[in-house]
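In: Have a look; sequence and predicted model below, questions after that.
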Amino acid sequence: AMAMSQAQSAMAMSQAQAMVPPMVVSTAVPSNSPAGYGAMQPPPPPPGPPPPLGHAPPYTVPPNYLCPLSGRLMTRPVIADDGWAYDEAALTQWVQTAVATKQVPYSPFNGADLSQT
């Protein structure tokens, strides 16, 4: 193998560079873009503050989360002997009212006896 001299290596390098066109970087602004192609844009504004408490968007409570006796959101749901879920306080009041009036506390849905609930 023949070793290249420094002069031959430099000449080969300059010939190779002559074959590759130089990279052209344009700083011209296209006429169809007022800000210029690739011009930096300002960052978007930060999001506004969250809405104050008490101003939340309206929501819908699923019907099965509401106590069928009180119509209110169940905070301590319990399953009675009739298989329905009730709020514990509402069911307790329903049974106590029936017992106080000497009635059997029946399920408002299927007539099941709730006295053992």
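Out: Thanks, I have the structure now.

In: For the helix or strand hosting residue 91, name the packing helices and strands.
Out: Per DSSP states H and E, residue 91 falls inside helix 88-100. When contacts are defined as 3 or more Cβ pairs under 8 Å, 6 or more residues apart in numbering; DSSP states H and E, helix 88-100 sits against strand 77-79. C-betas here are computed from N, CA, C, even on glycine.

In: buried ones in the strand it packs on?
Out: When neighbours are counted by 16 or more other Cβ atoms under 10 Å, the buried residues of strand 77-79 are found to be residue 78.

In: again with stretch 91-100
Out: So, applying 16+ other Cβ under 10 Å, buried residues of stretch 91-100: 91, 94, 95.

In: between those residues, which is closest to residue 83?
Out: Nearest to residue 83 out of these is residue 91 (Cβ to Cβ; 12.9 Å).

In: Let me have the buried residues of stretch 91-100 in a markdown table, extended by distance to residue 116 and pLDDT.
Out: Compiled in a markdown table, these are given as follows (distance: Cβ to Cβ, whole Å; pLDDT from 0 to 100):
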| residue | distance to residue 116 | pLDDT |
| --- | --- | --- |
| 91 | 12 | 92 |
| 94 | 14 | 89 |
| 95 | 10 | 89 |
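
In: which one of those residues is nearest residue 58?
Out: Nearest member of the buried residues of stretch 91-100 to residue 58, counting by Cβ to Cβ, is residue 91, at 28.8 Å.
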